[in-house]
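# following is a predicted model, sequence given first.
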Amino acid sequence: MSDERKLPYVMAFNEAVSQALEDDPNVFCAGEDIGAFGGVFGTFGGLQAKFGVERVVDTPISEQAIIGLGVGAAVTGLRPIVDLMFMDFMCVAMDQIVNQAAKLKYMFGGEARIPLTITTAGGGGLSAAAQHSQSLEALLCHIPGLKVVHPATPYDMKGLMAACIREDNPTVMIKHKRLLGIQGPVPEERYIVPLGVANVVRSGNDVTIVAWGRMVHEVTAAAEKLAGEGIQCEVIDPRTLQPLDIDTIVASAKKTNRVVVVHEAVRFGGLGAEVAAQIQEHAFDYLDAPVGRIAAPFSPVPFSPALEQHYIPDAARIEAGIRSVLFRTPVGA
Amino acid sequence: MSITPAVQFDLHRRMVRIRLFEEAAGRLAEAAKLPGFLHLYVGEEAVASGICGALNDDDHITSTHRGHGHLVAKGGDFNRMMAELMGKSTGYCKGKGGSMHISDLSLGMLGANGIVGAGSPIAVGAAFANKYRGRGQVAVAFFGDGATNIGAFHEAANMACALHLPIVFACENNEYGEFTPRDKTMAITDIVDRAAGYGMPGVIVDGMDVIAVHEAALEAVAKARAGGGPSLIEAKTYRFYNHHGVQNLGLKYRSDDEVAQWKERDPIFTLEDRMIENKVATRQQFDDIWAELRNDIEVAIKFAEDSPLPTSDQVLVDVYSANGGN
């Protein structure tokens, strides 16, 4: 039973890339340390040995040129996968991502096709401090022309990565550094998890929790604890952050009448604000409480484990946040 | 001149097409018939023409904010260009790009670009793809002197050399980054000095001499096509109009004498004089060429003016490719 096979998240990524390299001669990979070394997180391990130096390319430490390499190769007919070692390094390449990759098709009147996948590692939890730990998905989701995915499980990682590679649009695949080692069932055969389709991780009637990436696991832990008290959380992982499957979220909000959004990124201007705004636009009359947001405080990611553990939302904070939405003290009481 | 008369006529024609297109665009802008920014290529025609004249149709170029000349030199269609400048639905970009994003992928022209220096990394990607496919195509990155002060240029040059890609870096050194002279923004006189830092050869050519530019381009393109890696060509040139638009805007950042001296070296008229002197052309032939191409411009203006504006429903069209691949 192939469905029972388990792989770590990192190898689910690797297998999706490997199968794409096997299937499509136009697919190649480029990035810092991804070739002979296999990537600093091992995500591209073994691929250069299998597919050669022409298809798994070690690049200089040049983020603008790495993305430019992908944009130029994509617009001239290849299907590149380019890797930025840490999501924070995306900031070095913002022109190529925001002004070039995302916009060429539109600016050229639709003539261009940019089948580019940008892969990167986001998230904190490794004491990697403020320049190697960020969750910058909101910056990307704000840009028309980009698609953004952030899988929480090995199964979704392989299927979403396969979907990204097949996309004719620029996509950003965010791997969470703290999820690389988690195991889960991953079929050996090729499959797609379609972009823009949320996963209802857990069904419940009392409150809807929206979370992605590593937060899905923290939310699940909190939901299990609350279930012991008879509180049933519905946990929704959008999986794709742009385009966002707002229909699934709104349908759940109408059912449970309470919503909490959880993300690892800072709260101000985070995607939680967008989710909350859309819920009040589409389900205002169904809500029994304001949409709650549990997120990082508005500071850079701190280094010390003593600080970082208070910075990133965990199951206990999430549980407390859910309770405050469930048992809200009415105004004036 | 070792360049044949037929090629001389071809290069001349490319330059005249650019000049006429740009002069017409300038007149339309002054008459408030063109929305947006307009960066005219007049004066620099020899660079785009000499280099694109050395390319095949399936070779790629990336361009700059001053990009009309590159598209014309690569074979761009006047009608669709003029319509784009007017924001019409029949334009190259269906009215969504305008002057700064004009492009024709079928001609290998990967777009003018509103971000200084941004074209070079994209040209590196095109060159990578060309090497990967192994069909002998090359890529040319056009950029100005000012762009060599931007990190993207250095990353692109280094990566192209590290990966030994079939690319030519074509610097149009017009001595000004917008309104600031080059000697205030860099401590070197010649951009070509930067080539050695990446391990590629570089040459300086007179950017007002289309034959000189063409000869340098033939060599660099042949080298790239043969697997010899990147080169840099620095063409010393000058823009006859302003950074933006036609009028001087009262800005005295260049002396009248300086502008006049460069205009005396007009790349089109000096070529015509040489060809007549060398008895490969007559004044009448040139008059006929100008008349024919002037007519093409008038047709293009009419086409653009008669074309429909895009409808409001087009705002959301082509943000994404319909084929999600799923």
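Yep, it's here.
# for A:Ile249, what are its contacts?
A:198, A:208, A:210, A:236, A:238, A:259, A:275, A:278-279 (Cβ atoms under 8 Å, 6 or more residues apart in numbering or on different chains). All C-beta spots, glycine's among them, are computed from the backbone N, C-alpha and C.
# just those residues now: which is nearest A:Ile97?
A:Pro238 (20.8 Å; Cβ to Cβ).
# which one is that closest one nearest to, not counting chain neighbours?
A:Ala198 (4.6 Å; Cβ to Cβ, 6 or more residues apart in numbering or on different chains).
# and for that neighbour, the neighbour number?
Number of residues near A:Ala198 (other Cβ atoms under 10 Å in any protein chain shown) recorded here: 20.
# just the helices in the stretch 51-200 of chain A please.
A:63-75, A:94, A:104-107, A:137-141, A:154-166 (DSSP state H, counting those that start in this stretch).
# which one, of the ones you listed, ends up nearest to B:Leu28?
helix A:104-107 (21.2 Å).
# contacts for that closest one?
A:71, A:75, A:111-114, A:144-145, A:169, B:93, B:96-97, B:101, B:103, B:111, B:318-321.
# please tell me I have it right and A:Leu244 contacts A:Pro238.
Yes - counting by Cβ atoms under 8 Å, A:Leu244 does reach A:Pro238; the two are 5.6 Å apart.
# neighbour-wise, which of these two wins?
Ranked by neighbour count (other Cβ under 10 Å), A:Leu244 and A:Pro238 place A:Pro238 first, with 26 against 21.
# the more buried one contacts A:Met215, correct?
No - with contact defined as Cβ under 8 Å, A:Pro238 does not reach A:Met215; the gap is 11.3 Å.
# shaky segments in chain B?
B:1, B:247-251, B:324-326 (pLDDT under 70).
# now the strands: where do they sit in it?
For chain B, the strands defined by DSSP state E occupy B:60-62, B:139-144, B:167-173, B:176-177, B:180-181, B:202-206, B:231-236.
# of all these, which lies closest to chain A?
With Cβ to the nearest Cβ, the closest approach to chain A among these belongs to strand B:60-62: 6.1 Å.
# identify the residues contacting that closest one?
A:72, A:76, B:52, B:55, B:70, B:74, B:108-111, B:113, B:119-120, B:122-123, B:126-127, B:130, B:137-142.
# so what's the residue nearest to A:Pro238 up against?
So A:Ala198 contacts A:236-240, A:245, A:248-249 (Cβ under 8 Å, 6+ apart).
# wait, which of those residues is closest to B:Leu11?
A:Thr240 (50.9 Å).
# tell me which residues form a beta bridge with the closest one?
Beta-bridge pairing for A:Thr240 (DSSP bridges): A:Val149.
# repeat that for A:Val172.
Bridge pairing for A:Val172 - DSSP bridges - gives A:Ile118, A:Val148.
# A:Gly184 is nearest to which of the helices of the stretch 51-200 of chain A?
From these, taking Cβ to Cβ, the stretch that ends up closest is helix A:154-166, at 3.8 Å.
# coming back round to it: in PyMOL, how would I select the buried members of the contacts of A:Ala198?
Buried residues among those (16 or more other Cβ atoms under 10 Å in any protein chain shown), as a PyMOL selection:
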select buried, chain A and resi 236+237+238+239+240+245+248+249
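# as a markdown table, the contacts of A:Ala198 with secondary structure and pLDDT would be great.
Below are those laid out as a markdown table (DSSP: H, G, I helix; E, B strand; the rest coil; pLDDT from 0 to 100):
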| residue | secondary structure | pLDDT |
| --- | --- | --- |
| A:Ile236 | strand | 98 |
| A:Asp237 | strand | 98 |
| A:Pro238 | coil | 98 |
| A:Arg239 | coil | 98 |
| A:Thr240 | strand | 98 |
| A:Asp245 | coil | 98 |
| A:Thr248 | helix | 98 |
| A:Ile249 | helix | 98 |
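# nearest residue to residue 296 other than its sequence neighbours?
Chain wasn't specified; assuming chain A. A:Val266 (4.8 Å).
# that's the other chain; I wanted chain B
Of all residues not flanking B:Asp296 in the chain, B:Phe78 sits nearest, at 5.4 Å (Cβ to Cβ, 6+ apart).
# right, and the one you found touches B:Ala25 too?
No - in this structure B:Phe78 lies outside contact range of B:Ala25 using Cβ under 8 Å: 10.6 Å.
# quick one: contacts for A:Ile165?
Going by Cβ under 8 Å, 6+ apart, A:Ile165 touches A:16-17, A:20, A:24, A:27, A:79, A:81, A:115, A:117, B:325.
# narrow these to those in strands?
A:27, A:79, A:81, A:117.
# so the last one touches A:Asn169, yeah?
Spelled out, it's A:Thr117. No - A:Thr117 lies out of contact with A:Asn169 (Cβ under 8 Å); the separation is 9.7 Å.
# looking at the two, which is more packed in?
Neighbours were tallied for A:Thr117 and for A:Asn169 using other Cβ under 10 Å; the higher tally belongs to A:Thr117 (29 against 25).
# measure that one to A:Ile165 for me?
Relative to A:Ile165, A:Thr117 is positioned 5 Å away (Cβ to Cβ, to the nearest Å).
# pull up the overlap in contacts between these two.
A:79, A:81.
# how close does A:Asp23 sit to A:Gly124?
A:Asp23 is 35 Å from A:Gly124, by Cβ to Cβ.
# looking at the contacts of A:Ile249, spot the one nearest chain B.
Taking Cβ to the nearest Cβ as the measure, chain B lies nearest A:Ala198 of these, at 15.0 Å.
# now that closest one. Its backbone dihedrals?
phi -80, psi 160 (degrees, to the nearest 10).
# just name whatever secondary elements the longest helix anywhere in chain B is in contact with.
Longest helix in chain B, counting residues (DSSP state H): helix B:5-30. Helices and strands touching helix B:5-30, by 3 or more Cβ pairs under 8 Å, 6 or more residues apart in numbering or on different chains; DSSP states H and E, are helix B:45-52, helix B:68-73, helix B:78-85, helix B:210-225, helix B:267-277, helix B:283-306.
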